[in-house]
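K.L.:
Give me a 3D structure for the following:
(one chain, ligands or ions: 1)
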Amino acid sequence: MSRDLGIDLGTANLLVFVKGKGIVINEPSVVAVNTKTGDIVAVGDEARKMVGRTPGNITIIRPLKDGVIADFQSTSAMLNYFISKTKKYASGLIPTKPRVVICTPSGVTQVEKRAIHDSALKSGAKEVYVVEEPLAAAIGANLPVSEAVGSMVVDIGGGTTEVAVLSLGGIVTSRSLRIGGDAQDQAIMGYIRKKHNLLIGERSAENLKFELGSAWEPEIGRCLDVRGRDMLTGLPTTVEITSEEIYDSLQEPVQRIVEVVKLTLEKCPPELSGDIMAHGIVLTGGGSLLKNMTKLIEKETNIPVLIAENPLNCVANGTGKTLDNINILRLQKKSK
Ligand SMILES: Nc1ncnc2c1ncn2[C@@H]1O[C@H](COP(=O)(O)OP(=O)(O)OP(=O)(O)O)[C@@H](O)[C@H]1O
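P.N.:
Residues are numbered from 1 along each chain as shown. The predicted structure is shown next:
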């Protein structure tokens, strides 16, 4: 027995599933680095607390951005940190090295995949298998991926949106878009800068999205005060933002997601389209929690849309379930 691990190396959050325990780590994919020494000062929750509040010698890095690895060294350090953190779950088990199934954003190149693989090995893994994100999301959402029936999953993460049609254990057709929750936050920041001459931080923009955001018909009359820096005076100030404004700012990134869903449906073989019509499209990832996202996709595709249970955990749960079939992954790796 060993503490085998399933890891969702997400753009926004990194989750670790320990076999027999479930998800034991769920922290933001953020690293704080001392710019003078290059040392890692904090990782995950600790680093996230520092966002926007760091002194000159500390910089906050999001190692994965837009679904790709923006900074390999800090990705590697983050992976190492979290794999080591799971050591305490090995108590009572024979202390062997873990086998690791890791899920990376689909924009990652073969070279980067190899580098992630090697970095997990260096962090103490015995064997490492890299799986595709939409497959893990669908398994984690309990879709019947191994059956001869078409299932469609839309995983809306921080950096990417992955849309895939699956059947008989594999991906039949898929598309990946480098737009997810982060692009929505950026759109809110851009809108407020332009309309109110106000600079706000990423966390404030994300909070406005949580509180006022909607993909379809905003709730009229809701508003929230946001603090930022007035670009004209340079002074801190507070502005009231309405739900209609947040709705307007989210239109572009949200419509791009709808388009990619439609394009994937167009490429779907007719038999599988019929299955998807009957069983619906399943949304996973944190972005699926944007208010009325299901309603919008339903209206645009005329197909029922459901959100998976615990959408933020689907990919990690999927990699965890894959640990039970590690022999299949081993055979697939050998045949490559
Ligand atoms: N209630 C909510 N409403 C809108 N967006 C939300 C909500 N909860 C979380 N999100 C967004 O979900 C995103 C994070 O989702 P998730 O953890 O699935 O991404 P990830 O797996 O790290 O990213 P990727 O799949 O791109 O690598 C963030 O952009 C966050 O703002």
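K.L.:
in the stretch 1-150 of the chain, which spans are helices?
P.N.:
Using DSSP state H, counting those that start in this stretch, the helices of the stretch 1-150 of the chain run over 45-49, 72-85, 110-122, 133-140.
K.L.:
Next, the residues that contact stretch 306-319 from outside, please.
P.N.:
6-8, 10, 13, 15-17, 22-23, 26, 101-103, 131, 133, 135-142, 155, 280-286, 288-289, 294 (CB atoms under 8 Å, 6 or more residues apart in numbering). Placement of C-beta: from N, CA and C, glycine included.
K.L.:
and the residues you listed, which are buried?
P.N.:
Of all the contacts of stretch 306-319 considered here, the ones buried according to neighbour count by 16 or more other CB atoms under 10 Å are 6-8, 10, 13, 15-17, 23, 26, 101-103, 131, 133, 135-141, 155, 280-286, 288-289, 294.
K.L.:
On the pLDDT front, check Lys334 for me.
P.N.:
pLDDT, Lys334: 63.
K.L.:
With Leu329 instead?
P.N.:
So, for Leu329, pLDDT stands at 69.
K.L.:
Quick one: name the residues of the stretch 101-250 of the chain near the ligand.
P.N.:
When proximity is defined by CB under 6 Å from any ligand atom, the stretch 101-250 of the chain lies next to the ligand at Pro105, Gly157, Gly158, Gly159, Thr160, Gly180, Gly181, Asp182, Glu206, Lys209, Phe210, Gly213.
K.L.:
ok, back up a step: which ones among the buried ones among the contacts of stretch 306-319 lie within strands?
P.N.:
Under the assignment DSSP state E, the buried ones among the contacts of stretch 306-319 contribute 6-8, 13, 15-17, 23, 26, 101-103, 131, 155, 281-284 to strands.
K.L.:
residue contacts, whatever residue of the stretch 1-150 of the chain ends up closest to the ligand?
P.N.:
Nearest to the ligand, among the residues of the stretch 1-150 of the chain, is Gly10, at 2.3 Å (CB to the nearest ligand atom). Taking CB under 8 Å, 6+ apart, we find Gly10 in contact with Ser29, Leu64, Pro105, Gly157, Gly158, Gly159, Val315.
K.L.:
Same check on Met293?
P.N.:
Ile156, Ala215, Trp216, Val254, Leu283, Gly287.
K.L.:
most neighbours, which of the residues you listed?
P.N.:
Gly287 (29 neighbours; other CB atoms under 10 Å).
K.L.:
list the contacts for the closest residue to that one other than its chain neighbours?
P.N.:
Closest residue in space to Gly287, ignoring its immediate chain neighbours: Ile156 at 2.8 Å, by CB to CB, 6 or more residues apart in numbering. Ile156 sits next to Gly180, Gly181, Ile257, Leu283, Thr284, Gly285, Gly286, Gly287, Ser288, Leu290, Met293 when contact means CB under 8 Å, 6+ apart.
K.L.:
Return the member of those residues nearest to Asn57.
P.N.:
Nearest to Asn57, judged by CB to CB, of the contacts of Ile156 is Gly181 at 29.8 Å.
K.L.:
Do I have it right that Val258 meets Leu296?
P.N.:
Yes: look at Val258 against Leu296 with CB atoms under 8 Å: they come within range, at 6.3 Å.
K.L.:
More neighbours: which of the two?
P.N.:
Neighbour count, other CB under 10 Å: between Val258 and Leu296, Leu296 has more, with 21 against 17.
K.L.:
And that one, which helix or strand is it part of?
P.N.:
If you go by DSSP states H and E, Leu296 is part of helix 293-301.
K.L.:
Equivalent analysis for Trp216, please.
P.N.:
Assigned by DSSP H and E, Trp216 falls within no helix or strand.
K.L.:
For it, which non-adjacent residue is closest in space?
P.N.:
Asn292 (3.8 Å).
K.L.:
in the stretch 201-336 of the chain, which spans are strands?
P.N.:
223-230, 236-242, 281-284, 305-307 (DSSP state E, counting those that start in this stretch).
K.L.:
coming back round to it: let me see the confidence value for the residue nearest to Gly287.
P.N.:
97.
K.L.:
give me the beta-bridge partners of it?
P.N.:
Thr161 (DSSP bridges).
K.L.:
Tell me how many other residues crowd the closest residue to Ser167 other than its chain neighbours.
P.N.:
Nearest residue to Ser167, sequence neighbours excluded (CB to CB, 6+ apart): Gly150, at 5.1 Å. Using other CB under 10 Å, Gly150 is surrounded by 25 other residues.
K.L.:
give the contact list for Gly150.
P.N.:
Val165, Leu166, Ser167, Val172, Cys268, Pro269, Glu271, Leu272, Ser273, Gly274, Asp275, Ile276.
K.L.:
Can you pull the poorly scored residue ranges out of this protein?
P.N.:
1-2, 90-95, 106-107, 327-336 (pLDDT under 70).
K.L.:
Could you give me the buried positions within the longest helix along the chain?
P.N.:
As assigned by DSSP state H, the longest helix anywhere in the chain is helix 243-266. For helix 243-266, a neighbour-count test (16+ other CB under 10 Å) marks 243-247, 249-250, 253-254, 257-258, 260-261, 264-265 as buried.
K.L.:
Count the residues that sit near the closest residue to Val41 other than its chain neighbours.
P.N.:
Using CB to CB, 6+ apart and skipping the chain neighbours, the partner closest in space to Val41 is Ala32 (4.4 Å). Residues near Ala32, counting by other CB under 10 Å, number 22.
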